[in-house]
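[1] Could you look at this predicted model? Sequence included:
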Amino acid sequence: MSVPAAGGDAPVPVTILLVEDDEVIRRSVAMALERYGYRVTSAGDGLTGLELFREGRYDLLLLDVMLPELDGIGLCRRIRETSTAPILMMSARGDTLDVVSGLEAGADDYVVKPVDTAVLVARIRSLLRRATFAPTEAPADAAVASAGGSRVRPPDGSARLDQSTPRVQRARLVFGDLAIDTAGLEVFLAGEPVALAPTELRLLLEFVAHPGIVLDRQTLLRNVWDYGWDGDSRVVDLCVQRLRKKIGAERIETVRGFGYKLRR
């Protein structure tokens, strides 16, 4: 698989950093991904993986949880200190705590070993789509409506926005001190930029497209994670948890038994 290069040059192969301590699994996964056109760099322990990450540029990181020197959870945290690149964790079957810890550390998704190559490639493609998507800018009236704002008409007949509701400034949706630039894919809190991983950003955009509306976990899995099947709802819960820490816990409300909604 490849991505378009700037200036109309030949497509650049997608690069993946694979960190897996089991040599047999590492080689088989790398060979399988290379057959799909990915360029794979491999490491057998967490510290080597961190060094390779710092020295190169990767479109996606595939990390095992149980690694020598520096485990996958710690490696994920170190990577998240400087990068929003998509991270896919690999966990042994039944390691619920490992899955939760990996998602809390900043991973975007996980797969359970042994994993079918087709499933692994589908997850990778989904993560890459999330990392490179570009939503189209909605017309001002539509964007105002989606943000819960309204147009009021003063006596002079001109249209203006009701300042008491979320409003649109060109491609920017504003909810109090939270501003989302839907064209530039930037988020600001009290005027300061907020660094969001691609999945966190897509989750926030899904919420702001439906303010005040309860979104159940399966809807979010389908629209944000591109799952065409029932996925693990823990990825939603933990991504919401991470997003709350960055934009304010009070902005996303839990509706018990149903899902989540963005407060207007």
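    Received it, and whenever you're ready, just let me know what you need.
[2] use CA for all of it now, contacts and neighbours both
    Fine.
[3] How many residues are close by residue 242?
    Number of residues near residue 242 (other Cα atoms under 10 Å) recorded here: 20.
[4] That one: which element?
    Here residue 242 sits within helix 234-247, counting by DSSP states H and E.
[5] name the helices or strands packed onto that helix?
    For helix 234-247, the elements it packs on are helix 96-104, helix 198-208, helix 217-223, judged by 3 or more Cα pairs under 8 Å, 6 or more residues apart in numbering; DSSP states H and E.
[6] longest helix anywhere in this structure?
    Longest helix of the chain, by residue count under DSSP state H: helix 117-132.
[7] what residues does that helix touch?
    For helix 117-132, the external contacting residues (Cα atoms under 8 Å, 6 or more residues apart in numbering) are 29, 32-33, 59-60, 85-86, 88, 108, 111, 198-199, 202, 224-226.
[8] quick one on the thing from earlier: tell me which of the helices and strands packed on helix 234-247 is the most buried.
    Neighbour counts (mean count of other Cα atoms under 10 Å) averaged over each of those peak at helix 198-208, with a mean of 22.
[9] contacts for it?
    Contacts to helix 198-208, defined as Cα under 8 Å, 6+ apart, come from residues 84-86, 108, 127, 130-131, 146-147, 182, 185, 215, 220, 223-225, 239-240, 242-243, 261-262.
[10] low pLDDT regions in the protein?
    1-11, 93-95, 132-171, 228-231 (pLDDT under 70).
[11] how about a cut-off of 80?
    In the predicted model, the chain carries pLDDT under 80 at residues 1-12, 93-99, 130-172, 183, 226-233, 264.
[12] which residue is nearest the centroid of it?
    Nearest to the mean C-alpha position of the chain, by Cα atoms, centre = their mean, lies residue 199 at 1.0 Å.
[13] Residue 256 versus that one, what's the distance?
    23 Å (Cα to Cα, to the nearest Å).
[14] What of residue 46?
    For residue 46, the distance to residue 256 equals 38 Å [Cα to Cα].
[15] So if I had to pick from these two, which one is more boxed in?
    Taking other Cα under 10 Å, residue 46 and residue 256 do not tie; residue 46 has more neighbours (26 against 7).
[16] How about that one: what's its closest non-neighbour residue?
    Excluding the flanking residues, the one nearest residue 46 by Cα to Cα, 6 or more residues apart in numbering is residue 70, at 4.3 Å.
[17] Could you look up the SS state of that neighbour?
    coil (DSSP: H, G, I helix; E, B strand; the rest coil).
[18] So it sits against residue 47, correct?
    Yes: Residue 70 lies in contact with residue 47 (Cα atoms under 8 Å); the separation is 5.6 Å.
[19] Residue 192 - how many residues pack around it?
    Counted with other Cα under 10 Å, residue 192 comes out at 11.
[20] Mind listing the residues bridging to it?
    According to DSSP bridges, the partner residues bridging residue 192 are residue 189.
[21] which residues sit in contact with residue 188?
    Listed by Cα under 8 Å, 6+ apart, the contact set of residue 188 reads 177, 178, 179, 180, 194.
[22] and the second one, what does it touch?
    Right, the one you point to is residue 178. 187, 188, 189, 190, 247.
[23] Which PyMOL command selects the buried ones in those residues?
    Per 16 or more other Cα atoms under 10 Å, the buried members of those correspond to this PyMOL selection:
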select buried, resi 187+188+189+247
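[24] Just put the contacts of residue 178 in CSV and tack on distance to residue 51.
    Below are the contacts of residue 178 laid out as CSV (distance: Cα to Cα, whole Å):
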residue, distance to residue 51
187, 30
188, 31
189, 33
190, 35
247, 31
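[25] Looking at the contacts of residue 178, spot the one nearest residue 66.
    Nearest to residue 66 among the contacts of residue 178 is residue 247, at 31.2 Å by Cα to Cα.
[26] my guess is that closest one meets residue 191, correct?
    No: the pair residue 247 / residue 191 is not scored as a contact, 11.9 Å apart, by Cα under 8 Å.
[27] returning to what we had before: narrow the contacts of residue 188 to those that are buried.
    178, 179, 180, 194.
[28] Tell me which of those fall in strands.
    If you go by DSSP state E, the buried ones among the contacts of residue 188 have 178, 179, 180, 194 in strands.
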